[in-house]
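> the sequence and its predicted three-dimensional model are supplied below.
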Amino acid sequence: MFTKGRRSALKRRDENIIRTLTYHDSDEGELSPSDGDFVRCGNLFSPCRYKSSRIDEQPSEFIEIDLPSSPMSSPRSSRNVIRHMKRSPIQFTLDEGNEGDVDDDEQRVPAPGTAIESPCPNSPPHNRLRALRLFDTPHTPKSLLQKARRRRLTDERIAKERKRLTPPSENRVEANFNPFTPNNNRPLTLNNSMKRNRNQMERSILDDSTEDEIEVDMPSTKKIALHEINTSRYNEEFHEVCKLGDGEFGSVYKCVHRLDGCTYAIKKSKMPVAGSVYERNAMNEVYAHAVLGKHQHVVRYYSAWAEEDHMYIQNEYCNGGSLAEVVEEDKRTGRVMSESELKTIMYQAVLGLKYIHSQNLVHLDIKPGNIFIHRNPKFLQSPESGMESCGEEDEEEEEAIIYKIGDLGHVTSVTNPTVEDGDCHYLPKEILSENFDHLSKCDVFSLGLTMYEAGGGHNLPRNGPQWHSIREGKLPSLPHMSPELNQLLKSMVDPDPLKRPSAAAVASSLILCPQSTKSRAQLRRELNEERFKNQMLSRKLVEATQCLTRITPTSFSANVSRSRRLVGNKMKRSMSLSAF
Ligand SMILES: Nc1ncnc2c1ncn2[C@@H]1O[C@H](COP(=O)(O)OP(=O)(O)OP(=O)(O)O)[C@@H](O)[C@H]1O
């Protein structure tokens, strides 16, 4: 019988073998072996020297396949000619009871020198060829059924194996690949051993199947165009309350989600972006939001979708507007922001920036208009009270005002940047001269100028001599601020990006957060110690109270009932345990 051999198995035995027989019982093609094809006869594998010029040119009803000697054939098989009935085209199947069990092939590859079992030269080896099923045509009902069954079995087996070896997250079929996702979050998360197993499994099945029948189902990196996923959500899911503002890219609306009842800021692109040059920018913002919107000081992201080719981004609603509005209002009214308020804003914004940089991303458009304000309705305090909290990411601690970095349309990765210039009022010189070596320091520069403006600095120039003067390190001091704060601002806008402090360094500078000499862990430890002491004292007090009650049940309980708290609550100084 003939069957397809395994290249991997065979190569181990005979490096001279060029290729294996490429047809199989499940193949639809005609039998057309050519020189170098590897065929098996009985339990012997050997390269085929096909004597007849072409099968379909064979006039007779016999074809001959010559199995000449091979390094692994025995002398007996040095010249074996197999003849069998030829009906063109011819199909071969595997033998008795082994149909489709292609894995057996490898086990049945003979060791070098194994004697051939079957064919006798010049006579049809009928006894052996009984196992070699020759069909009148490849499309007899029987062959079709067998073929379908075999193919189904193979497909099922592949699917089963893949399911076993594939982590659930990889089962996604089509989705965009977020370029800002850290490597460990990528959709393809097979570990090495899973990959090895999967490759082995696929090879073993593919070796005996038609390779192009089975496409390797790797996660698609294909981008889904916006127009492909248009949906209708805005009016169905949201109630539009009012317009919050307009930007270059889109308009932002305050909306209430009809189901959850919460308020969101939904940004809708002004123009249909699907298929336009703005689509990339819109997608960039979505990608960045999706990766970064989990920090207290970055505007939170909920979802994004395309509707009538417009891009919609559902973000956290910041009820205090943006810092730009505060700055404008201050300019109009002549109010000067206090140093502590400025420090609060700066501290919180730099925490957001530190987080963005920790993700290997940069914002590249830090400015007052992109720092959003959320006023916590629980607090009715003055803005200064926001400074009370220096707990960097302590979610238990609530702050009266939270400043958040938003508008992530210019975010790019540090390692593979695609730089879209932000607002030139706030950009350092190196960006405009296309030096992208220190992009995170560009954000520090922009934050420095943003704080300078918010702290009462003059209107920042767009260009001209004053613009250059600031970028040469000649930033005028803010008259209402301390020398330390002015010094910090100057260092942040240093002409040399390497001399600017990192966001992390600014966040831990003493001037912004005096408690930063103690780590969070240390502060928490101290707090726990104090709580523990407090508990111990409370317990002792309870014990003492019980003791007193036992001794003088009536008089003492009367006393106790009169005073709700024992400590500091009008307790008689003369009362002591020894007195009873
Ligand atoms: N999350 C939000 N919460 C409250 N108001 C928001 C929010 N996002 C944006 N706004 C308001 O909408 C206005 C426009 O938003 P935004 O600056 O993000 O739009 P844009 O088109 O990206 O602008 P830009 O010109 O900066 O690119 C802002 O000035 C602000 O007043």
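Yes, it's here. Predicted, not measured: the structure shown is a model, and the values here were computed from it. Numbering: from 1, shown residues only.
> was I right about Val350 contacting Ser502?
No. Val350 lies out of contact with Ser502 (C-beta atoms under 8 Å); the separation is 9.6 Å. In short, each C-beta sits where N, CA and C put it, glycine included.
> where does this protein dip in pLDDT?
Confidence mapping of the chain against pLDDT under 70 gives the ranges 1-155, 158-159, 161-175, 182-229, 379-399, 514-521, 553-580.
> can you rerun that using 80?
1-231, 274-278, 293, 377-399, 458, 513-526, 551-580 (pLDDT under 80).
> which residue ranges make up each domain of it?
Using the TED database, the domain parsing of the chain gives 233-316, 321-378+400-512.
> from the ligand, how far out is His295?
Note on His295: its distance to the ligand, by C-beta to the nearest ligand atom, to the nearest Å, is 14 Å.
> quick one: contacts for the nearest residue to that residue once chain neighbours are set aside?
Sequence neighbours aside, Tyr355 is the residue nearest to His295 in space, at 4.4 Å (criterion: C-beta to C-beta, 6 or more residues apart in numbering). Neighbour list for Tyr355: 292, 295, 297-298 [criterion: C-beta atoms under 8 Å, 6 or more residues apart in numbering].
> out of these, who's the most crowded?
Val298 (26 neighbours; other C-beta atoms under 10 Å).
> want to throw the domains of the chain into JSON lines with distance to Leu548?
Below are the domains of the chain laid out as JSON lines (distance: least, C-beta to C-beta, whole Å):
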{"stretch": "domain 233-316", "distance to Leu548": "48"}
{"stretch": "domain 321-378+400-512", "distance to Leu548": "40"}
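> show me which residues of the stretch 201-350 of the chain sit near the ligand.
Contacts of the stretch 201-350 of the chain with the ligand, taken as C-beta under 6 Å from any ligand atom, map to 244-250, 252, 265, 267, 299, 315-318, 321-322.
> and stretch 487-507, which residues are buried?
488-494, 497, 500-504, 506-507 (16 or more other C-beta atoms under 10 Å).
> first-to-last residue distance for that stretch?
Start to finish, the residues bounding stretch 487-507 are 15 Å apart (C-alpha to C-alpha, to the nearest Å).
> what sits up against that stretch?
With C-beta under 8 Å, 6+ apart, stretch 487-507 has contacts from 346-347, 350-351, 353-354, 356-357, 392, 428-430, 437-438, 440-445, 447-449, 451-452, 455, 470-473, 475, 478, 481, 509, 511-513, 516.
> ChimeraX command to pick out the buried ones of the residues you listed?
Buried members of the contacts of stretch 487-507 can be picked out in ChimeraX with the line below, counting by 16+ other C-beta under 10 Å:
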select :346,347,350,351,353,354,356,357,392,428,429,430,438,440,441,442,443,444,445,447,448,449,451,452,455,470,471,475,478,481,509,511,512,513,516
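> just the contacts of stretch 487-507: which are in strands?
Judged by DSSP state E, the subset of the contacts of stretch 487-507 located in strands is empty.
> how much space separates the closest residue to the ligand within the chain from Lys160?
Using C-beta to the nearest ligand atom, the closest approach of the chain to the ligand is made by Gly247 at 2.0 Å. Here Gly247 is placed at a distance of 51 Å from Lys160 (C-beta to C-beta, to the nearest Å).
> how about Thr333?
71 Å.
> more neighbours: which of these two?
Lys160 (11 against 8).
> other SSEs contacting the lengthiest helix in the chain?
Using DSSP state H, we find that the single longest helix of the chain is helix 520-551. Where contact means 3 or more C-beta pairs under 8 Å, 6 or more residues apart in numbering; DSSP states H and E, helix 520-551 is packed against helix 553-562.
> host element of Val256?
strand 250-257 (DSSP states H and E).
> check which residues of that strand are buried.
250, 252-256.
> so what strands line up beside that strand?
strand 238-246 (antiparallel), strand 263-269 (antiparallel) (DSSP bridges).
> next, the angle strand 250-257 makes with the following helix or strand past the last one.
Read in the C-terminal direction, the helix or strand following strand 263-269 is helix 278-292, with elements assigned using DSSP H and E. Compare the direction of helix 278-292 with that of strand 250-257 by axes from the mean of the first three to the mean of the last three C-alpha atoms, to 10 degrees and you get 50 degrees.
> so what secondary structure elements neighbour the very next helix or strand once past helix 278-292?
As assigned by DSSP H and E, the chain's next helix or strand after helix 278-292 is strand 301-307. Helices and strands touching strand 301-307, by 3+ C-beta pairs under 8 Å, 6+ apart, are helix 278-292, strand 310-316.
> out of those, which is the most enclosed?
Neighbour counts (mean count of other C-beta atoms under 10 Å) averaged over each of the helices and strands packed on strand 301-307 peak at strand 310-316, with a mean of 23.
> then the next helix or strand after that one to CSV, C-alphas only?
Following strand 310-316 in sequence order, the next helix or strand is helix 323-333 (DSSP H and E). Output of helix 323-333 as CSV, limited to C-alpha atoms (Å, rounded to 0.1, in the frame of the first residue of the first chain):
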residue,chain,number,x,y,z
LEU,A,323,-8.4,74.3,34.8
ALA,A,324,-8.5,76.6,31.7
GLU,A,325,-11.9,77.9,32.8
VAL,A,326,-10.5,78.6,36.3
VAL,A,327,-7.5,80.4,34.8
GLU,A,328,-9.8,82.5,32.6
GLU,A,329,-12.1,83.3,35.5
ASP,A,330,-9.1,84.3,37.6
LYS,A,331,-7.9,86.6,34.9
ARG,A,332,-11.3,88.1,34.5
THR,A,333,-11.8,88.7,38.2
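> what does the strand holding Val256 rub up against?
Applying C-beta under 8 Å, 6+ apart, the set of residues contacting strand 250-257 is 234, 237-246, 262-270, 311, 317.
> residue numbers of the stretch 401-550 of the chain in contact with the ligand?
Going by C-beta under 6 Å from any ligand atom, the residues of the stretch 401-550 of the chain near the ligand are 406-407, 409.
> switch to 8 Å and redo it
Proximity of the stretch 401-550 of the chain to the ligand, by C-beta under 8 Å from any ligand atom, involves residues 406-407, 409, 423.
> can you list those residues in TSV and add neighbour count, distance to Leu361 and secondary structure?
Below are these laid out as TSV (neighbours: other C-beta atoms under 10 Å; distance: C-beta to C-beta, whole Å; DSSP: H, G, I helix; E, B strand; the rest coil):
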residue	neighbour count	distance to Leu361	secondary structure
Gly406	26	14	coil
Asp407	26	14	coil
Gly409	25	13	coil
Asp423	20	18	coil
